[in-house]
Each structure stands twice: as structure tokens, then as C-alpha cells.
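Q: sharing a sequence plus its predicted fold:
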Amino acid sequence: AEEELNGDFELVFKYPVKGFLFEYLQKENIIKADASNSLKGQLFRIYNITKAFDGTVTVYTKHITHDLANYSLNEDIKQDNTTCENAGNYMLSKSDAPSKFQIISNVDMLGNYTLDRKNDCMSAIVGTRGSLIDTFGNGARILKDNFNISILKRRGSDNNVLIAYAKNLTGFELVEDTSD
């Protein structure tokens with residue numbers, strides 16, 4: 001699985017045409033896979049399949065949260081002096097997205113969330129002016145965990161590791177390119 005910071009979350013894999021699950025690999029079907037050691041059992045929706053001469057197919061999937069791009073925000077949103085989590089869940093309640101999606105956030109600042117109607121609920125979360133990340137962002141990071149979208153002050157963990165030359169840094173290469 002490959003995840004862009006606050007962006008796409010995709011899983012691409014090859015599968016043999018003669019595999020016992022091949023018949024289930026169809027567009028719009030859902031795959032359940034471990035995306036990392038900490039994100040187990042994630043749901044991905046198939047959006048493209050290509051067939052190769054070597055008897056395999058390449059299956060392209062997007063994380064289930066990207067289904068929100070198919071749902072509309074049915075009215076303008078205006079929430080004053082609210083938290084990111086409250087604004088996000090209010091926005092979802094004013095959309096035609098299934099109620100299984102929810103926003104979770106540890107961003108505790110209060111803000112004014114104002115957003116015009118959208119044809120795409122995902123853009124109300126990230127990627128457009130006035131989105132949740134635009135309003136409450138300030139370095140916020142999105143964590144997609146099945147139907148939960150967490151907007152976090154910080155993502156990952158600090159393992160108190162110091163990177164030092166000759167200890168755990170074994171090389172360094174600097175490339176300067178002035179071709180532009």
C-alpha cells in the first residue's frame with residue numbers, strides 16, 4: 001500500500017488469472033488487506049484492472065475513505081467557534097454519505113468552518129479552500145482507518161532515536177543540479 005501525506009491511499013497488486021479468487025477481482029469490489037504493521041484489515045475498492053500476457057492481472061484500488069468523493073454535500077455549511085471533529089461530523093451529516101463514515105480529531109483549536117455545497121465530500125475534508133484541513137490544518141495530518149478519518153496534530157511516533165554518522169547512518173550523498 002502507498003499513502004501520500006493528506007492525499008491518495010492506494011493498494012496495487014498482481015494476481016494470477018488462475019488464482020482461486022480471480023473471479024472476485026472486479027471493479028467496485030472491495031479488498032481487505034493490511035496496509036502496514038499498524039493499519040491492519042484496511043478496505044480498498046477496486047477501480048481498475050489490467051491484464052498482462054504473463055497470466056496475471058494488476059489490480060488498482062483506493063482506500064474506502066475515497067468513496068467520499070462519490071457523495072455530495074447537500075447544503076452550505078457554516079459553523080462558528082467549533083472544533084475540527086464537530087465541524088467534520090456536522091459536514092458529513094449534511095451530505096448523502098453513509099453514516100458509517102466519521103471524523104475524529106485531536107486538533108483542539110476552535111475555528112469557523114464555512115463551506116459551499118460540494119459535489120465531493122472528500123474535497124470538503126482536504127484539497128480545497130475552506131476544507132477541514134484548510135480551516136483547522138496548521139500541519140494537521142490525516143489518518144485513514146477504514147471508515148474513520150482522523151485529523152491529527154501529529155502522526156506517527158517518536159521512538160527517541162538519534163541518527164548519527166557511523167552509528168546508524170552509513171552514507172550520505174549530496175546531488176546539486178543546476179540544469180534548470
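A: Everything's here; your move. Residues are numbered from 1 along each chain as shown.
Q: could you use CA atoms for every contact and neighbour count after this?
A: Noted.
Q: list the buried residues for stretch 12-25?
A: Residues of stretch 12-25 classed as buried by neighbour count (16 or more other CA atoms under 10 Å): 15, 17, 25.
Q: which residues touch that stretch?
A: The contact list for stretch 12-25 (CA atoms under 8 Å, 6 or more residues apart in numbering) reads 1, 46, 55, 56, 57, 58, 59, 60, 61.
Q: after the longest helix along the chain, next one along is what?
A: Looking only at the chain and at elements set by DSSP state H, the helix with the highest residue count is helix 84-93. Where DSSP states H and E defines the elements, the next helix or strand beyond helix 84-93 is strand 102-105.
Q: for the longest strand belonging to the chain, packing partners?
A: Ranked by residue count, the top strand of the chain under DSSP state E comes out as strand 42-51. Under the contact criterion of 3 or more CA pairs under 8 Å, 6 or more residues apart in numbering; DSSP states H and E, strand 42-51 touches strand 30-33, strand 56-63.
Q: what is the last one packed up against?
A: This means strand 56-63. Counting contacts by 3+ CA pairs under 8 Å, 6+ apart, strand 56-63 is packed against strand 9-16, strand 42-51.
Q: for the chain, which spans come out with low pLDDT?
A: 157 (pLDDT under 70).
Q: tally of neighbours for the residue nearest to residue 82 when sequence neighbours are not counted?
A: Nearest residue to residue 82, sequence neighbours excluded (CA to CA, 6 or more residues apart in numbering): residue 110, at 5.0 Å. Residue 110 sits with 14 neighbouring residues when counted by other CA atoms under 10 Å.
Q: ok, now which ones touch residue 110?
A: Listed by CA under 8 Å, 6+ apart, the contact set of residue 110 reads 81, 82, 83, 84, 136.
Q: just the buried residues of those residues.
A: When the contacts of residue 110 are checked for burial by 16+ other CA under 10 Å, the buried set is 82, 83, 84, 136.
Q: picking that back up, give me the distance from the longest strand of the chain to the chain's centre.
A: With CA atoms, centre = their mean, to the nearest Å as the basis, strand 42-51 stands 15 Å off its chain's centre.
Q: quick one: it to strand 9-16, angle?
A: 50 degrees (axes from the mean of the first three to the mean of the last three CA atoms, to 10 degrees).
Q: give the buried residues for strand 42-51.
A: 42, 43, 44, 45, 46, 49.
Q: between those residues, which sits nearest residue 75?
A: Ranked by distance to residue 75 (CA to CA), the buried residues of strand 42-51 are led by residue 45 at 27.3 Å.
Q: quick one, what contacts the closest one?
A: Counting by CA under 8 Å, 6+ apart, residue 45 makes contact with 27, 28, 29, 30, 31, 61, 62, 63, 64.
Q: 7 Å instead?
A: Counting by CA atoms under 7 Å, 6 or more residues apart in numbering, residue 45 makes contact with 28, 29, 30, 31, 61, 62, 63, 64.
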